[in-house]
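Peer 1: Sharing a model prediction with you, sequence too.
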Amino acid sequence: MSLYIDADACPVKEECVRVADRLGVRVLIVCNGGIRPSDHPLVETVFVTEGPDEADKWIAERAGKGDVVVTSDIPLAAKCVAAGARVVKPNGETLTEANIGNALATRDLMADLRAADPFRQGGGRAFTKQDRSRFLDALDRLMRAAAR
């Protein structure tokens with residue numbers, strides 16, 4: 001089992017390492033750059049070439065059954081779920097075969113709405129302590145389930 005982190009905009013990298021360390025699981029932090037490599041023996045920082053979705057492609061090619069992926073990227077999550085990996089978003093929401101189709105449809109709808117109104121302001125809500133707590137609980141449960 002490995003824990004893959006789509007790291008470029010991930011607010012929970014440290015939490016991932018803490019949970020993985022407790023369970024003795026290898027961590028792959030995948031990014032385009034700008035992240036300081038960890039000296040933790042279970043952590044490998046993977047720098048992919050610059051370009052759109054290069055980190056996503058790298059993770060999607062490798063994550064599979066028994067692995068856990070941390071990402072907010074819904075298309076990447078869909079590929080990982082299809083490959084048998086368990087997926088959790090940084091807010092603690094798990095993505096599964098049962099809900100990934102709905103998540104993709106919602107993402108596409110929101111993209112269409114943003115495209116239709118170029119003056120639309122705002123974005124998602126702020127990342128909270130409750131999100132971090134939900135994430136830690138969800139990641140711990142997923143990693144323990146994947147280890148069985």
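Peer 2: Cool, the structure landed. Residues are numbered from 1 along each chain as shown.
Peer 1: Could you use CA atoms for every contact and neighbour count after this?
Peer 2: OK.
Peer 1: List the buried residues for the helix or strand of the chain with the lowest mean pLDDT?
Peer 2: Ranked by mean pLDDT, DSSP states H and E, the helix or strand of the chain with the weakest confidence is helix 100-116, at a mean of 76. Neighbour counts using 16 or more other CA atoms under 10 Å place 100, 103, 104 of helix 100-116 among the buried residues.
Peer 1: Ok, stretch 24-34 next?
Peer 2: 25, 26, 27, 28, 29, 30, 31, 32.
Peer 1: Endpoint to endpoint, it covers what distance?
Peer 2: Stretch 24-34 stretches 26 Å from its first residue to its last (CA to CA, to the nearest Å).
Peer 1: Need the residues that contact it.
Peer 2: With contacts defined as CA atoms under 8 Å, 6 or more residues apart in numbering, stretch 24-34 is touched by 1-8, 17, 20, 42-51, 54-55, 58-59.
Peer 1: do the same with stretch 54-71
Peer 2: 1-7, 10, 30-32, 48, 76-77, 79-80, 83-90, 142-143, 146-147.
Peer 1: sorry, back to before: so what does the least confident helix or strand of the chain touch, helix or strand wise?
Peer 2: Applying 3 or more CA pairs under 8 Å, 6 or more residues apart in numbering; DSSP states H and E, one finds that helix 100-116 contacts helix 74-82.
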